[in-house]
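Participant: Quick one: sequence plus predicted model below, questions after.
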Amino acid sequence: MNKIFCVEDEENIRELVEYTLTNVGYDVKGFSCAKDFFEEIKVSSPTLILLDIMLPDSDGISILSELRHDNSTKDIPVIMLTAKSGQMDKIKGLNLGADDYITKPFDIMELVARINAVIRRIPKKEKSKEYSYKEISIDPVSRKVTAGNDEITLTYKEFELLYTLIVNKGIVLSRETLMLKVWETDFEGETRTVDVHIRSLRQKLGQFGEYIQTIRNVGYKVG
Ligand code: CA
């Protein structure tokens, strides 16, 4: 069962989140302060963390930064809960690697939908470190990419883009999702960046470039 930690000092919000997420099948643990949260995360690892910004003994930004600098927690998805949308823009600008943001007061079912979406995007852990699709294989550790018999040199973002598509093979990824995953931003209007990178990626993959399919009005997929 997917475990969710919710760090939120406002009791009514925390209880609503705990109650709702439990009802939809998550194992939820709420924390009213950073101290309790850090004690727990040392001993158990959640699937996802909901993180409030203003807390009595710390703030969500420091907590997020601490999580991202620790190897054991750096890959755990985090959704930030913010009180004001202005605050949200500022936090997004910091690019600390939160997976999503939601402004309070939020619709609880909207939060559930966001959580489900983030969890769906978590790459499945496979035995091999190498990911592949037909003749294309990609190793996230050595960052080596081969297409057919050729080794392909990609830029950092092209690599991330191909990796994301292959890890999610069979799934159509919208430009917004790719923006969020690869560029860690969802600023509208920048999604053209995705198209530009897809184009150069296809070129570099040569005859195998066609494995990256354009899904009209939606986005891209492999497989
Ligand atoms: Ca708060």
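Facilitator: Happy to help now that I have it.

Participant: Enumerate every residue touching L162.
Facilitator: Neighbouring residues of L162 by CB atoms under 8 Å, 6 or more residues apart in numbering: 136, 138, 145, 154, 201, 212. C-beta: built from backbone N, CA, C; applies to glycine.

Participant: helix/strand/coil for R120?
Facilitator: helix (DSSP: H, G, I helix; E, B strand; the rest coil).

Participant: ok, and what's touching the helix or strand of the chain with the lowest mean pLDDT?
Facilitator: When each helix and strand of the chain is scored by mean pLDDT, DSSP states H and E, helix 85-94 comes last, with a mean of 74. Applying CB under 8 Å, 6+ apart, the contact partners of helix 85-94 are 53, 61, 80, 82, 98, 101, 103, 185-187.

Participant: Apply 6 Å and report the result again.
Facilitator: Residues from elsewhere that reach helix 85-94 (CB atoms under 6 Å, 6 or more residues apart in numbering): 82, 101, 103.

Participant: Can you turn the buried part of these into a ChimeraX selection?
Facilitator: Of the contacts of helix 85-94, the buried ones go into a single ChimeraX selection, burial set by 16 or more other CB atoms under 10 Å:
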select :82,101
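
Participant: Out of the contacts of helix 85-94, list just those in strands.
Facilitator: Members of the contacts of helix 85-94 lying in strands (criterion: DSSP state E): 82, 101, 103.

Participant: for the residues you listed, which one is nearest the ion?
Facilitator: T82 (9.5 Å; CB to the ion).

Participant: which residue packs closest to that closest one, ignoring adjacent ones?
Facilitator: M88 (4.5 Å; CB to CB, 6 or more residues apart in numbering).

Participant: go on, I79?
Facilitator: I79 sits nearest to D100 (CB to CB, 6+ apart), 4.6 Å away.

Participant: That neighbour: what's it in contact with?
Facilitator: With CB under 6 Å, 6+ apart, D100 has these contacts: 79, 114, 118.

Participant: go on, K3?
Facilitator: 27, 46-47.

Participant: nearest to T20, of these?
Facilitator: Set against T20, the nearest of the contacts of K3 by CB to CB is D27 (13.2 Å).

Participant: The ion versus that closest one, what's the distance?
Facilitator: 23 Å (CB to the ion, to the nearest Å).

Participant: number of nearby residues for that residue?
Facilitator: 13 (other CB atoms under 10 Å).

Participant: Okay, and the beta partners of it?
Facilitator: K3 (DSSP bridges).

Participant: Now do it, the pLDDT please.
Facilitator: Looking at D27, its pLDDT reads 95.

Participant: Just give me the neighbour total for I102.
Facilitator: Going by other CB under 10 Å, the residues that sit close to I102 add up to 17.

Participant: Apologies, that question was intended for D75.
Facilitator: D75: 12 neighbours (other CB under 10 Å).

Participant: Any idea what the residue in the chain that the ion sits nearest to is bridged to?
Facilitator: Closest residue of the chain to the ion, CB to the ion: M54 (4.0 Å). Beta bridges link M54 to D59, judged by DSSP bridges.

Participant: Spell out which residues of this protein are next to the ion.
Facilitator: Residues of the chain lying near the ion by CB under 5 Å from the ion: 9, 52, 54.

Participant: Now which of those residues would you call buried?
Facilitator: Buried among these (16+ other CB under 10 Å): 9, 52.
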